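S.K.: Sharing a sequence plus its predicted fold:
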Amino acid sequence: MNKQNLLSLYYQLLRIRLVEEEMASEYVKQEMRCPTHLCIGHEAIPVGVCAHLTKKDFVFSNHRSHGHYLAKGGNLRAMIAEIYGKETGCSRGWGGSQHLIDQSANFLGSTPIVGGTIPVAVGNAWASQMQKDHAVTVVFFGDAATEEGVFFESLNFAVLKKLPILFICENNLYSIFTYIRERQANRPIYVLGLAQDMYSLGEEGNDVLKVYDAAKSALAHIRSGKGPALIEFKTYRYREHCGPFFEKRGQRDSKLYDKWIKKDPIAVFTKYLQKKGMLSKDEKASIQIKITGEIKEAFEYAKKSEFPKVSWDRDLVYAK
Ligand SMILES: Cc1ncc(C[n+]2csc(CCOP(=O)(O)OP(=O)(O)O)c2C)c(N)n1
Ligand SMILES: [Mg+2]
């Protein structure tokens, strides 16, 4: 990858991190009145995967949605306005953090129902196949979603119909406070894809270059018409399940936090770029200034936007 592409990955990673850190620091003012599930720690996964997508490809997300939305090219101002419940928000202020949608970026949505977008994404990929639009659908979900029946049904159908869909499991080892080994047998998640005769692999999720390479091979498989693929990325959430704060030590296994904080995806990639002489102090500072400016502008825009008028509007619920 050339320097420009590497710096573009760095920009995307840092942008997601700084957007969520700003949300966290503003959250205490109680002006954002929706729950927020921050993806701080997971950023390399949406960035490394979405680097291979074009505008016409589709992305579906889950409750931990901000990184997916931004990496796919969703509009930052509209996301922040949505989280503030404003009518300029991407869901016109009716959805909040867990109901982001940006049709202009083919980001077709996040929902808080665990596993809820998996079958919808499969349906979308089926539509692409029938309409021959040559788009790939990517669906992001957590490790807990793979315990649901709908996950198995969706994989089965996608393989059967050779659908152009990439299933991305962000395995952060927890469903809220419950560790994966209290919920699942002692085997990797990606073997569930192998059992369905699907192209499946497991990879480190905190190294953006490993994510990039794994997604590249899976997408080459899908785009060549061979059917769907599943990638399980191992990662870790640094903050609480829902909300801007850090948990008290011991609420999850503290040793795991200590292990994973050393693998912070931004720190790891920054070090890599600096070692290669590809990120000078000046370049780092100018990227940071650019992002900080975008964020400031987006928060100002959100805060000064109007709340939606409270009235029942069928157009918000049904597609025409
Ligand atoms: C069908 C359903 N069951 C339970 C919940 C409550 N719930 C919300 S998030 C969550 C944990 C999801 O864990 P995972 O899929 O691993 O994603 P993570 O939060 O770890 O990123 C649960 C159980 C829900 N929203 N939907
Ligand atoms: Mg999880």
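M.R.: The structure has been received and is ready for your questions. Ligands and ions are numbered 1, 2, ... in the order given.
S.K.: what's the distance between E182 and E20?
M.R.: In this view, E182 and E20 are 28 Å apart by CB to CB, to the nearest Å. Where you see a C-beta, it was placed from the backbone N, CA and C, and this is true even at glycine.
S.K.: Same check on Y174?
M.R.: Taken as CB to CB, the span from Y174 to E20 is 18 Å.
S.K.: K296 too?
M.R.: Per CB to CB, K296 is found 15 Å from E20.
S.K.: Which one of the two is surrounded by more residues?
M.R.: E20 (21 against 11; other CB atoms under 10 Å).
S.K.: show me where the stretch 1-150 of the chain has helices.
M.R.: 3-27, 44-50, 66-71, 76-83, 117-131, 149-160 (DSSP state H, counting those that start in this stretch).
S.K.: Please convert the ones you listed to TSV, extending it with distance to ligand 1 and mean pLDDT.
M.R.: Shown next, in TSV, are those (distance: least, CB to the nearest ligand atom, whole Å; pLDDT from 0 to 100):
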stretch	distance to ligand 1	mean pLDDT
helix 3-27	13	98
helix 44-50	11	98
helix 66-71	11	98
helix 76-83	17	98
helix 117-131	11	98
helix 149-160	9	98
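S.K.: Indicate which one of these is closest to K262.
M.R.: When the helices of the stretch 1-150 of the chain are compared by CB to CB, helix 44-50 sits nearest K262, at 14.5 Å.
S.K.: Counting by contacts, list what the closest one packs against.
M.R.: Where contact means 3 or more CB pairs under 8 Å, 6 or more residues apart in numbering; DSSP states H and E, helix 44-50 is packed against helix 3-27, helix 66-71, strand 137-142, strand 165-171, helix 208-223.
S.K.: Quick one: closest of those to ligand 2.
M.R.: strand 137-142 (3.7 Å; CB to the ion).
S.K.: one step back: next, format the helices and strands packed on helix 44-50 as a markdown table and append distance to R187.
M.R.: Formatted as a markdown table, the helices and strands packed on helix 44-50 follow (distance: least, CB to CB, whole Å):
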| stretch | distance to R187 |
| --- | --- |
| helix 3-27 | 30 |
| helix 66-71 | 26 |
| strand 137-142 | 17 |
| strand 165-171 | 12 |
| helix 208-223 | 19 |
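S.K.: which bits of the protein sit near ligand 2?
M.R.: Neighbours of ligand 2 within the chain, by CB under 5 Å from the ion: G142, D143, N172, Y174.
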